[in-house]
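Chemist: sharing a model that was predicted from the sequence below.
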Amino acid sequence: METIEIILHHDVLCGWSWLADKRLRALSDELGGLLRIDYRAYPLRMEEMVPTDKEREAEIKALRKVGREKDGKGITAELWRSADPPRTSLPPLVAMEAARIVGGIGGRDRMLAAMRQAALVRGLNVSRDDILIELAERCGLDIGRFGTALRNSGTKRLVTDPWEEACRHGIEATPAVLVGGEWLLTGTRTVEDYRETIERFVEKRCLYVPSRVVH
């Protein structure tokens, strides 16, 4: 069976990216391995700056909306109400790449899940190295190797290079989903929207897919 590559441009601190990921994973399970999902970093706060009151309020409002979604239950805005809000969203994205270097795809996925839970449910500032190290340890990663990878400039480029490429291709926000390297969906969509797009992509590209998968 042929597979379709799905690229999710995301930010760890973006609640809508988390929902898009959940919905794409649910659809992947439904379609029995048709989709091959991967991530591309798109830091929404690249430079390190203290967020303004207006920026914090915008983040709080966005996460409140995410939390009202059926699959957003448990997501809170405490991260942006705290006395220690993130100054940049770059470190958790670099931490994802460091986790992949140390622990492979499994390590990356465990670290991503841990950071999302810490930031968007518990309200912890996952842009801090001490919190990232603690989460990596809980994920079973080798802390020495993880710390080295986290501080390596080459690991940072694994985040900044895809971000620059995405900007060149007109991506301006997260989530943005690229289907088969050709079709771009911006913003969070429903599972039904993602399914319909993939069905049309399969039809247009005359891909071979077992009849039980796409229907």
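Modeler: Right, received. Where do you want to start?
Chemist: which other helices and strands does the helix ranked longest in the chain contact?
Modeler: The residue-count maximum for a helix in the chain (DSSP state H) belongs to helix 90-116. Under the contact criterion of 3 or more CB pairs under 8 Å, 6 or more residues apart in numbering; DSSP states H and E, the helices and strands touching helix 90-116 comprise strand 35-41, helix 129-138, helix 143-151, helix 153-168. C-beta coordinates here come from the backbone N, C-alpha and C atoms, glycine included.
Chemist: looking at those, spot the one closest to residue 6.
Modeler: Closest to residue 6 of those, according to CB to CB: strand 35-41, at 4.7 Å.
Chemist: so how far is the closest one from its chain's centroid?
Modeler: For strand 35-41, the distance from its own C-alpha centre to the chain's C-alpha centre is 9 Å (CA atoms, centre = their mean, to the nearest Å).
Chemist: let's test this: mean pLDDT of that strand, rounded?
Modeler: Strand 35-41 shows an average pLDDT of 95 in the prediction.
Chemist: in the next helix or strand after that strand, which residues are buried?
Modeler: Of the helices and strands lying after strand 35-41 in sequence (DSSP states H and E), the nearest is helix 53-68. Along helix 53-68, these residues count as buried under the neighbour rule (16 or more other CB atoms under 10 Å): 56, 59-60, 63, 66-67.
Chemist: now find how far off-centre the next helix or strand after helix 53-68 is within its chain.
Modeler: Proceeding C-terminally, helix 53-68 gives way to helix 78-81 as the next helix or strand, assigned by DSSP H and E. Centroid separation for helix 78-81 versus its chain: 19 Å, with CA atoms, centre = their mean.
Chemist: and helix 78-81, what other elements does it pack with?
Modeler: Packed next to helix 78-81, using 3+ CB pairs under 8 Å, 6+ apart, are helix 53-68.
Chemist: give me the contacts around the helix it packs on.
Modeler: Identification of contacts with helix 53-68 by CB atoms under 8 Å, 6 or more residues apart in numbering yields 15-16, 18-19, 51, 72-77, 79-81, 85, 120.
Chemist: rewinding a little: any chance of the helices and strands packed on helix 90-116 in CSV, with distance to residue 96 and mean neighbour count too?
Modeler: Below are those laid out as CSV (distance: least, CB to CB, whole Å; neighbours: other CB atoms under 10 Å):
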stretch, distance to residue 96, mean neighbour count
strand 35-41, 7, 17
helix 129-138, 10, 17
helix 143-151, 10, 16
helix 153-168, 8, 15
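Chemist: switch these over to TSV; also include distance to residue 200.
Modeler: Putting these into TSV (distance: least, CB to CB, whole Å) gives the following:
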stretch	distance to residue 200
strand 35-41	14
helix 129-138	39
helix 143-151	40
helix 153-168	23
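Chemist: out of these, which is closest to residue 24?
Modeler: Residue 24 sits nearest to strand 35-41 of all these, at 5.6 Å, using CB to CB.
Chemist: ok, so of the contacts of helix 53-68, who is nearest residue 169?
Modeler: In terms of CB to CB, no member of these lies closer to residue 169 than residue 16, at 19.5 Å.
Chemist: so that closest one sits against residue 177, correct?
Modeler: No. The pair residue 16 and residue 177 fails to qualify as a contact (CB atoms under 8 Å) at a distance of 11.3 Å.
Chemist: may I see the ChimeraX selection of the buried members of the contacts of helix 53-68?
Modeler: Here is the ChimeraX command that selects the buried residues among the contacts of helix 53-68 (16+ other CB under 10 Å):
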select :15,16,18,19,51,72,75,76,77,79,80,85,120
